[in-house]
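Asks: What would the 3D arrangement of this be:
(chains A, B, C and D)
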There are 2 protein chains.
Amino acid sequence: MGLTKADKFTATQNRIALMAKALGHPARIAIIEYLAISKSCVCGDIVNELPLSQSTVSQHLKELKNAGLIKGTIEGPSVCYCIDDRVWKEARESFAGLFASYIEDNNCC
Amino acid sequence: MGLTKADKFTATQNRIALMAKALGHPARIAIIEYLAISKSCVCGDIVNELPLSQSTVSQHLKELKNAGLIKGTIEGPSVCYCIDDRVWKEARESFAGLFASYIEDNNCC
DNA sequence: TTCTTTAATCGTAAAAATGCGATAAAGGTT
DNA sequence: AACCTTTATCGCATTTTTACGATTAAAGAA
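Replies: As a prediction, the model looks like this:
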């Protein structure tokens, strides 16, 4: 059906899955890496950085925004995209928690 | 076109995106959480734990296996799924690196 | 006002993801 | 052998994702 049964899982599971999904494309990883390092956050600069068309990059930005990982503020004719501190922290802690939940060499087979 | 241009991105970007994508569904988060905590790793037990059909769970397990995050070993008539220590470590470090690349309060707008 | 720049959205196409029932395959059990 | 259990795969329908060109909308410059 192509429809995820979100209501069958916990809010926490859905939340971390949403953030992971947002990071689940190399273009969006590239965007995040760029925003993390670069001083610039102008949409056009991101478009120039990626090997994809303007409309495609815009869509990727939309998905990252939808997950809350980034936010965009209008700056004259252009838009400035930045990593959202609060959500970024939430994501970091969620993933750290997930990875911490498994103690290595605890395999049963 | 529905086809990710993987060749336009670095191997590292594609790798972390693949792992993130594998974690980008609540059912697969639930599976990982179960494997991380539970002593059992029998496929049937995972199926019973999830609100999805056997075939659907099998598909989710396949995707996690495809990303390398888990591995399955045949045990008589059943299959034992476990988190793959090596890949799990790689994933943890990759995500930690991604999150560490951004210093908070460094927004330019 | 007119033109340019910038970015979002629309429309379209192709491919992948989600989900399930049915079936197949493989290993035990009787 | 016949049967049961367990899990993977197939077939199908639906939805979502990826990607791009074209268009729109908004802001600034001429």
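
Asks: can you pull the contacts of the residue nearest to A:Leu50 when sequence neighbours are not counted?
Replies: The shortest distance from A:Leu50 to any non-neighbouring residue, by CB to CB, 6 or more residues apart in numbering or on different chains, is to A:Val57 (5.4 Å). Any C-beta I mention is one placed from the backbone N, CA and C, and that applies to glycine too. When contacts are counted by CB atoms under 8 Å, 6 or more residues apart in numbering or on different chains, A:Val57 is found next to A:27, A:31, A:43, A:46-47, A:50.

Asks: For DNA strand C, what's its nearest residue on chain A.
Replies: A:Gly44 (2.6 Å; CB to the nearest atom of the strand).

Asks: hmm, who's touching the helix or strand encompassing that residue?
Replies: Per DSSP states H and E, A:Gly44 falls inside helix A:43-49. Contacting residues not belonging to helix A:43-49 are listed as A:30-31, A:34-35, A:38, A:54, A:57-58, A:61, A:72, A:78-81 [CB under 8 Å, 6+ apart].

Asks: quick one: which of those is nearest to B:Glu93?
Replies: A:Ala30 (19.0 Å; CB to CB).

Asks: Check which residues of the biggest helix by length in chain A are buried.
Replies: Taking DSSP state H as the criterion, chain A has its longest helix at helix A:85-100. Neighbour counts over helix A:85-100 (16 or more other CB atoms under 10 Å in any protein chain shown) mark A:88, A:90-92, A:94-95, A:98-99 as buried.

Asks: does chain B sit close to it?
Replies: Yes: with CB under 8 Å from any CB of the partner chain as the measure, helix A:85-100 is seen reaching chain B through A:85, A:88-89, A:91-92, A:95-96, A:98-99.

Asks: Turn those residues into CSV, columns for distance to B:Asp105 and pLDDT.
Replies: As requested, the residues of helix A:85-100 next to chain B are exported to CSV (distance: CB to CB, whole Å; pLDDT from 0 to 100):
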residue, distance to B:Asp105, pLDDT
A:Asp85, 7, 95
A:Trp88, 11, 97
A:Lys89, 11, 96
A:Ala91, 16, 98
A:Arg92, 14, 98
A:Phe95, 20, 98
A:Ala96, 20, 98
A:Leu98, 25, 98
A:Phe99, 25, 97
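
Asks: Many thanks, I have nothing further to ask.
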